[in-house]
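**Q** Test case, fold it:
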Amino acid sequence: PSVSFSVAGGRVLGTTPSTGVQVYSLNQSTSTDSSGEKTFSDQSYGRYTFTIPDTSAYEFWKLTPESSTNNVFDASPGTSTDVLALFLSKTLASLKVQVVRNDNGNAIAGATVHLTNTTLSYDETVTTDTFGFAYFPKTSTPLAVDTYNIEIQGTGFQTKTDTVVVSNALTKKTYDLVAN
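**A** Numbering: from 1, shown residues only. Sure thing, here's the model as predicted:
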């Protein structure tokens with residue numbers, strides 16, 4: 001699908017005198033082609049920031065390979081960098097879970113999120129990424145609109161269980177885990 005986004009970064013060319021905002025070699029609003037791809041060739045090394053407008057039918061999830069910030073990537077001098085931007089459809093029956101520490105709100109990477117619905121014979125487990133996110137479904141087939149049981153486990157944390165209602169759109173839930 002064609003997804004609109006903005007990317008800014010690369011070599012710093014200077015600053016805008018009136019605002020002090022840095023001017024980069026690349027600062028572009030664009031969109032993917034019909035296959036969901038966009039190529040930027042011959043760009044300078046440096047740090048790039050990727051954003052998607054709130055009005056989009058998609059929500060930005062993360063860049064792969066993952067970095068310390070989910071919408072920022074670095075291009076090293078003298079190398080070619082392939083970065084994959086992952087989007088979630090806001091209109092697909094799906095579930096985006098974020099798992100964080102209850103004491104400081106930091107993401108918990110490597111936690112397991114187990115989503116089940118015995119009536120539907122749905123039983124999937126996803127491991128949270130660097131930013132504490134897990135996404136269901138694991139395939140392109142949407143989840144059935146229904147109530148699911150969810151269990152979250154993280155090493156060094158108490159297990160959390162809950163139910164979650166999945167609608168005809170992207171459902172987002174955040175779970176705080178308590179340290180043992």
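
**Q** Which residues are in contact with residue 49?
**A** By C-beta atoms under 8 Å, 6 or more residues apart in numbering, the residues touching residue 49 are 7-9, 71-72. Glycine gets a C-beta too; all of them are placed from N, C-alpha and C.

**Q** right, I mislabeled it, should have said residue 122
**A** Under the criterion of C-beta under 8 Å, 6+ apart, the contact list for residue 122 reads 115-116, 143-144, 148.

**Q** For it, report the pLDDT, please.
**A** We have a pLDDT of 96 for residue 122.

**Q** Redo the contacts of residue 122 as TSV? Include pLDDT.
**A** Formatted as TSV, the contacts of residue 122 follow (pLDDT from 0 to 100):
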residue	pLDDT
115	98
116	98
143	97
144	97
148	98
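
**Q** Need the contacts of residue 49 in a markdown table (columns: pLDDT).
**A** Converted to a markdown table, the contacts of residue 49 look like this (pLDDT from 0 to 100):
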| residue | pLDDT |
| --- | --- |
| 7 | 92 |
| 8 | 93 |
| 9 | 94 |
| 71 | 86 |
| 72 | 88 |
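
**Q** What subset of those residues is buried?
**A** The neighbour-count test (16 or more other C-beta atoms under 10 Å) marks 7-9, 71 as buried among the contacts of residue 49.

**Q** my guess is residue 127 meets residue 111, correct?
**A** Yes. Applying C-beta atoms under 8 Å as the test, residue 127 and residue 111 come out as touching, 7.1 Å apart.

**Q** Which of the contacts of residue 49 fall in strands?
**A** Assigned to strands by DSSP state E, the following of those qualify: 7-9, 72.

**Q** Serialize those to a markdown table and add fields for distance to residue 35.
**A** A markdown table is the format used below for those (distance: C-beta to C-beta, whole Å):
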| residue | distance to residue 35 |
| --- | --- |
| 7 | 18 |
| 8 | 24 |
| 9 | 24 |
| 72 | 25 |
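
**Q** Quick one, grab the pLDDT at residue 156.
**A** 96.

**Q** One more: residue 108?
**A** pLDDT recorded at residue 108 is 97.

**Q** before we move on, what about residue 56?
**A** On the pLDDT scale, residue 56 gets 78.

**Q** What ranges does the chain have for its strands?
**A** 4-15, 22-31, 46-51, 58-64, 72-75, 84-89, 94-101, 112-117, 122-127, 133-136, 146-153, 160-166, 170-177.
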